[in-house]
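>>> The sequence and its predicted three-dimensional model are supplied below.
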Amino acid sequence: MGKAGYSEIDGETTASSPQLSRRWKVVGIISVALLVGFVTGTVTSRSMNWNFKKTKTLTCLFCDQSPPELHHDRSYTIELPNTNTNNSNDEPTLARVTPMTISYDYELYDGENIFTFPKKEFIPNLEFDYAVLALGSVRNINRDTGADVSLDEVYIHHVTLQPINMIGAEVLSSDDETDPYMRLPEGYALHVLAAERPHLGMNAHLLSNKNLAPIEGSLERAHKECNECYYAPGKGSHCTPEVSGTFYCCGDSLACTVGGEDCACTTTTTTTSSNRNRNRSKTKYRIELDFLVSRDIHKFQRVDQWNFAAPHCSINLKGDAVLEDYAPDNFCAKNNGTTTYIKSLASTLFDGGGSLFHQVPENNEEPYLRTTVNVLAPSGGQLVWAQSHLHTGGVNATLYQNGKILCSTDAVYGTNPDASSNARDEQNHLVRISSCYDQIQNGIRFEAGDVFTTESYYYGGVDDARFKGDKAAGEHKNVMTMFFTGVVLDGNSKYLTEERTSFNLWNDFVHVAGLYP
């Protein structure tokens, strides 16, 4: 993608049929109403054991965010391949590209676990449609000092800023120029429509490790158990020993997000008060994401994001296990009324039947744990980007098409134990995952019925040389096996041909595609 000189090229818009638009809106409203009714009934029937006032609702934790900052002084023009436009003449197609930074300000008290909801946690969006060509570097900084924050102080479980997919701790080592997190081939981009996205919703799952109290003398163990969602008193009434390693023990339960309970890892500065709103010291942070965007959105082929999560959940719409029973600490286990997620619906529909986390038991005889999922392509198309997402303990991840390797990525671990200076090289942390750019290059063709397989290996032996300190190695809880991909799907349906924001859907996604803008 070459720079050509600074210029601005106006994009064109096309209006869809009002009659068709209204018809699809009606169908969508009916579908959503049925789903909402299903969810409401499920929640009502299974939530009688909640020990907090049901009158409380989800709120915005960190409001008053600033809109994205466009760096016009660094804008440039690129020449696009004519094959990705409607341009039939020999004139080059030019598009203006502008660097953009999205910031998210938040604060944490020592040990605090938070989970924010994109339907409430708003960042004001730009007031015009734009294309996202790349996501380069991601930073977590101290707002008072401007210094990068170590994962030993704040562990970023994940951040999701729709339509960008889940960003984990390993993305903090990305670089705009040499190793961007996401870079799409020339002529391809994610689309963001202002009418559909007047705000950018932030799902931030963040765990403070500041001033953690050692567990049986081990600070390394304290970091591990805080970040991997182990059970401990003080993490909310829904965090019990039976569900250790689940989101219930990481601040993502209704007791924490709605019930107003303190949900935190034990620290040396912990007080005895149980009131979440008591006065106490908080540290101010900011997450910054650097993008390349273009206002010439119609000159870029729209890319949708299709995500794979392993392993598969073998449950029906009621949440009942079909092929095997699941223990309470399994993501696929039937909802017991103590979690934000509604397993009978979410796992089967909205997560495409995939498991958003799984556990790695300690195993010193056969320490390598393989986790996999197979998904059928609903149509043909072009795969133009892919990247894996793993957690601490991960070794590598591979994406296959009909048994042929498309991309294999490796996990890199930090080596510096000094939390005051080890940002981006934190010992006992997965700090980077290699990319798929050289393996996928400009894209890979797939056909309807092709089988995409994701495979990960985690290491569960206590002899794991990548870790230092008591109990840092061995079992790992709340790990993830995911592959995120960018695809252009074949088809002539209104959903594929209309102007819309790029979707971000999981596994077997067709049954929920189009329900949300």
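That came in fine, so what should we check first?

>>> How about residue 141: what's its closest non-neighbour residue?
In space, and not counting its chain neighbours, residue 141 is closest to residue 286: 5.4 Å by CB to CB, 6 or more residues apart in numbering. All C-beta atoms are positioned from the backbone trio N, CA, C, and that covers glycine.

>>> The strand or helix carrying the one you found - which strands sit beside it in the sheet, and in what orientation?
Using DSSP states H and E, residue 286 sits within strand 282-294. Strand 282-294 pairs in its sheet with strand 93-109 (antiparallel), strand 130-142 (antiparallel), by DSSP bridges.

>>> Out of those strands, flag the one nearest residue 178.
strand 130-142 (9.7 Å; CB to CB).

>>> Convert the C-alpha atoms of the closest one to CSV, please.
Taking C-alpha atoms only, strand 130-142 is exported to CSV below (Å, rounded to 0.1, in the frame of the first residue of the first chain):
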residue,chain,number,x,y,z
TYR,A,130,-15.5,5.4,7.8
ALA,A,131,-13.5,2.3,6.9
VAL,A,132,-11.0,0.7,9.3
LEU,A,133,-7.8,-0.4,7.4
ALA,A,134,-5.6,-1.4,10.3
LEU,A,135,-5.3,-1.5,14.1
GLY,A,136,-1.7,-0.9,15.0
SER,A,137,-0.5,-0.4,18.6
VAL,A,138,-2.6,-0.7,21.8
ARG,A,139,-1.4,0.9,25.0
ASN,A,140,-2.4,0.9,28.7
ILE,A,141,-1.0,3.9,30.4
ASN,A,142,-1.1,5.7,33.8
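
>>> how about the helices of the stretch 351-500 of the chain, start to end?
Counting by DSSP state H, counting those that start in this stretch, the segments of the stretch 351-500 of the chain that form helices are 437-440, 494-497.

>>> Flag every buried residue along the helix or strand following the last one.
Yep, that's helix 494-497 we're talking about. With elements assigned by DSSP H and E, the helix or strand that comes after helix 494-497 is strand 504-506. For strand 504-506, a neighbour-count test (16 or more other CB atoms under 10 Å) marks 504-506 as buried.

>>> sorry, back to before: now mean neighbour count and mean pLDDT too, for the strands paired with strand 282-294, in TSV please.
As requested, those are arranged in TSV below (neighbours: other CB atoms under 10 Å; pLDDT from 0 to 100):
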stretch	mean neighbour count	mean pLDDT
strand 93-109	20	97
strand 130-142	21	96
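
>>> can you redo the ones you listed as TSV with distance to residue 415?
Output for these, formatted as TSV (distance: least, CB to CB, whole Å):
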stretch	distance to residue 415
strand 93-109	26
strand 130-142	20
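
>>> which one of those lies closest to residue 161?
Short answer: strand 93-109, nearest of the strands paired with strand 282-294 by CB to CB, at 6.7 Å.

>>> Tell me which helix or strand in this protein has the weakest average pLDDT.
helix 18-46 (a mean of 38; mean pLDDT, DSSP states H and E).

>>> list the helices and strands the helix or strand that comes right after it packs on?
Per DSSP H and E, helix 18-46 leads on to strand 69-70 as the next helix or strand towards the C-terminus. Here strand 69-70 touches strand 93-109, going by 3 or more CB pairs under 8 Å, 6 or more residues apart in numbering; DSSP states H and E.

>>> phi, psi of the residue nearest to the spatial centre of the chain?
Geometric centre of the chain, nearest residue: residue 166, 1.5 Å, by CA atoms, centre = their mean. Backbone torsions for residue 166, taken as degrees, to the nearest 10, come to phi -60, psi 120.

>>> contacting residues around it?
158-160, 307, 389, 482, 484 (CB atoms under 8 Å, 6 or more residues apart in numbering).

>>> do that again at 10 Å, thanks
157-160, 203, 205, 307, 309, 356, 389, 480, 482, 484, 504 (CB atoms under 10 Å, 6 or more residues apart in numbering).

>>> just residue 363 next, same as before
Residue 363 neighbours (CB under 10 Å, 6+ apart): 369, 459-462, 474-475.

>>> May I see the buried residues of strand 504-506 organised as JSON lines, with distance to residue 428 and pLDDT added?
Converted to JSON lines, those look like this (distance: CB to CB, whole Å; pLDDT from 0 to 100):
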{"residue": "504", "distance to residue 428": "31", "pLDDT": "93"}
{"residue": "505", "distance to residue 428": "34", "pLDDT": "94"}
{"residue": "506", "distance to residue 428": "30", "pLDDT": "95"}
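
>>> For stretch 299-315, list the C-alpha coordinates in CSV.
Output of stretch 299-315 as CSV, limited to C-alpha atoms (Å, rounded to 0.1, in the frame of the first residue of the first chain):
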residue,chain,number,x,y,z
LYS,A,299,-13.8,2.4,-2.1
PHE,A,300,-13.0,-0.5,0.2
GLN,A,301,-14.5,-4.0,0.0
ARG,A,302,-16.3,-4.6,3.3
VAL,A,303,-14.7,-7.2,5.6
ASP,A,304,-16.8,-9.1,8.2
GLN,A,305,-15.2,-10.7,11.3
TRP,A,306,-15.9,-14.4,11.8
ASN,A,307,-14.5,-15.7,15.1
PHE,A,308,-13.9,-19.3,16.2
ALA,A,309,-14.1,-20.3,19.9
ALA,A,310,-13.1,-23.8,21.1
PRO,A,311,-14.3,-26.3,22.3
HIS,A,312,-17.8,-26.8,21.1
CYS,A,313,-20.7,-26.8,23.6
SER,A,314,-23.0,-29.8,23.0
ILE,A,315,-26.2,-28.3,24.5
